[in-house]
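Trainee: here you go, sequence then predicted model.
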Amino acid sequence: MLLLSIFLASLMTSSADFYRDAEITWGDGRAKILEGGRALTLSLDQYSGSGFQSKNEYLFGRFDLQLKLVPGNSAGTVTTFFLSSQGAGHDEIDFEFLGNSSGEPYTVHTNVYAQGKGDKFMVDNIPIRVYNNQESIGTPFPKSQPMRVHCSLWNADDWATQGGRVKTDWTKAPFVASYRNFNINGCVAGSGSSCGSNSADSFNTEAWRTQDLDANGRNRLRWVQQKHMVYNYCADSNRFHQGIPAECKRSRF
């Protein structure tokens, strides 16, 4: 099971250090590491957005991050948190927060690519996604390609807000998103650690390796799907004229 969530608020303490664990990849100075490495901000103006990625690639792991989205009128902006491998047939796990007019909620696009095959996206108002391993029925699952964590802030007003009908108001620029408590507990690719074993020296804690939804978690997920889901690819018969994907016929949990 692939259980993914991103927390917009948290009480956890952190030993996060963006200087140690991340590198700014684009934005020409628009991304800044602050507070001695405890925080990082991305900004967007009419000329460019910005982004960063983890320094390491990971095969398995738990990735925690606090994210403060663009406040106020954020229409047209997209703030992201995703994991991705490189090259053809890549794996990718996406959270894309689509901005909106002032007072309107963000919507969240989630998607999963495995071996280059994607289009399994959902749209919600709460960022939770569960994706089960269904390799037994021929559905690829992202488990064999190391991935980096990526985060970015960019303009997509041709589609992001109400299908592109609401454009970015550049008089509000620069738009700023903030990240902190960036904590990774996982297997660094190429580090020589035993990613597939239960060896005690592989990780500081391995609770994430067997983490699963309990009854309360399943009930909360059902509530999100019933009350806050905007689009589910499994329910889109117009896209799948030959029948919905095989994994949609199995349990969602």
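Mentor: Perfect, I can see it now.
Trainee: Arg62 contacts Gly186, doesn't it?
Mentor: Yes - the criterion here is Cβ atoms under 8 Å, and Arg62 meets it with Gly186 at 6.4 Å. C-betas here are computed from N, CA, C, even on glycine.
Trainee: in this protein, where's the longest strand?
Mentor: Counting by DSSP state E, the longest strand found in the chain is strand 175-188.
Trainee: coming back round to it: please say which of Arg62 and Gly186 ends up with more neighbours.
Mentor: Gly186 (23 against 18; other Cβ atoms under 10 Å).
Trainee: how close does the closest residue in space to the more buried one that isn't next to it in sequence sit to Cys187?
Mentor: Among residues not flanking Gly186 along the chain, Gly61 sits closest, at 1.8 Å (Cβ to Cβ, 6 or more residues apart in numbering). Separation of Gly61 from Cys187 (Cβ to Cβ, to the nearest Å): 6 Å.
Trainee: looking at those two, which is more packed in?
Mentor: A side-by-side neighbour count of Gly61 and Cys187, using other Cβ under 10 Å, places Cys187 first with 21 against 18.
Trainee: could you measure Arg239 against Ile126, distance?
Mentor: Taking Cβ to Cβ, one finds Arg239 at 23 Å from Ile126.
Trainee: so for those two, which sits in the more crowded spot?
Mentor: Ile126 (18 against 10).
Trainee: quick check, central residue of this protein?
Mentor: Computing the C-alpha centroid of the chain and ranking residues by Cα atoms, centre = their mean puts Phe95 first, at 3.2 Å.
Trainee: residues in contact with that residue?
Mentor: 4, 6, 80-82, 108-110, 127, 129 (Cβ atoms under 8 Å, 6 or more residues apart in numbering).
Trainee: so what's it scoring on pLDDT?
Mentor: Note on Phe95: pLDDT of 94.
Trainee: SS state for it?
Mentor: Per DSSP: H, G, I helix; E, B strand; the rest coil, the secondary structure class of Phe95 is strand.
Trainee: the residue nearest to it when sequence neighbours are not counted: how many residues sit nearby?
Mentor: What sits nearest to Phe95 in space, not counting adjacent residues and going by Cβ to Cβ, 6+ apart, is Phe81, at 4.6 Å. Neighbours of Phe81 under the rule other Cβ under 10 Å: 20.
Trainee: if I look at Phe81, how far off is Arg30?
Mentor: Phe81 is 17 Å from Arg30, by Cβ to Cβ.
Trainee: what's the average pLDDT for the next helix or strand after the longest strand of the chain?
Mentor: Sequence order places helix 215-227 as the next helix or strand after strand 175-188, per DSSP states H and E. The predicted model assigns helix 215-227 a mean pLDDT of 85.
Trainee: what packs against helix 215-227?
Mentor: Counting contacts by 3 or more Cβ pairs under 8 Å, 6 or more residues apart in numbering; DSSP states H and E, helix 215-227 is packed against strand 128-131.
Trainee: who does the strand it packs on pair up with?
Mentor: Paired neighbours of strand 128-131 in the sheet (DSSP bridges): strand 2-5 (antiparallel).
Trainee: which stretches of the stretch 1-150 of the chain have low pLDDT?
Mentor: 1-14 (pLDDT under 70).
Trainee: do that again at 90, thanks
Mentor: Segments of the stretch 1-150 of the chain classed as low confidence (criterion: pLDDT under 90) are 1-16, 59-62, 87-88, 102-105, 116-134, 137-141, 143.
Trainee: can you pull out the helices in it?
Mentor: Using DSSP state H, counting those that start in this stretch, the helices of the stretch 1-150 of the chain run over residues 18-21.
Trainee: just the strands in it please.
Mentor: 2-5, 22-26, 32-34, 39-44, 50-54, 58-68, 77-84, 92-98, 107-113, 122-124, 128-131, 148-155 (DSSP state E, counting those that start in this stretch).
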